[in-house]
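*Asks:* sequence first, then the predicted structure, then my questions.
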Amino acid sequence: MTSAQLIAPVPAFSVLQSPFVPAPPPLIVTVADASNRVQATYLANVPYTSGISSLTGLQQGYYQWSIATYVQQVLNRAVPNNGLLLGSVTSALPDRVVLGSAQNKDSKLQLQLYFITVK
């Protein structure tokens, strides 16, 4: 495996409807245990990236981070695959965002895996 990325698009309506409560600037990614509780911090700072779409002219934002180390450890059976949890860096911030919910079918989380096979 050469690369593993997770991309979490922020729905355009959440950016447009809440200009006074924007998406959290950074997210934290933690490793979960079998009970879906935080076990350890995987990434302490996943920045929010935004820009104007050349197709729609609307502001679009997303979070993107590498999970290559985690995926490689799971494939090697070095760690159990209990999943990753996303959250804001602190609960004191009023910033909120819904990523990849059933109501946001156009803003699904995207997993990009790249493998190289040598023959």
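*Replies:* That came through, no problem.

*Asks:* list the buried residues in stretch 58-71.
*Replies:* By 16 or more other CB atoms under 10 Å, the buried positions in stretch 58-71 come out as 60-63, 65, 67, 70-71. To be clear about C-beta, it is placed using only N, CA and C from the backbone, and glycine gets the same treatment.

*Asks:* quick check: end-to-end length of it?
*Replies:* 34 Å (CA to CA, to the nearest Å).

*Asks:* likewise for stretch 51-66?
*Replies:* End to end - CA to CA - stretch 51-66 spans 20 Å.

*Asks:* please enumerate residues in contact with it?
*Replies:* Contact with stretch 51-66 is made by 3-10, 12, 15-16, 23, 27, 29, 43, 46-50, 86, 99, as judged by CB atoms under 8 Å, 6 or more residues apart in numbering.

*Asks:* please redo it, this time with the cut-off set to 6 Å
*Replies:* Applying CB atoms under 6 Å, 6 or more residues apart in numbering, the contact partners of stretch 51-66 are 5-10, 12, 15, 23, 27, 43, 46, 48-50.

*Asks:* just checking, next helix/strand downstream of the strand with the most length in the chain?
*Replies:* If you go by DSSP state E, the chain has its longest strand at strand 38-52. Per DSSP states H and E, the first helix or strand lying C-terminal to strand 38-52 is strand 59-66.
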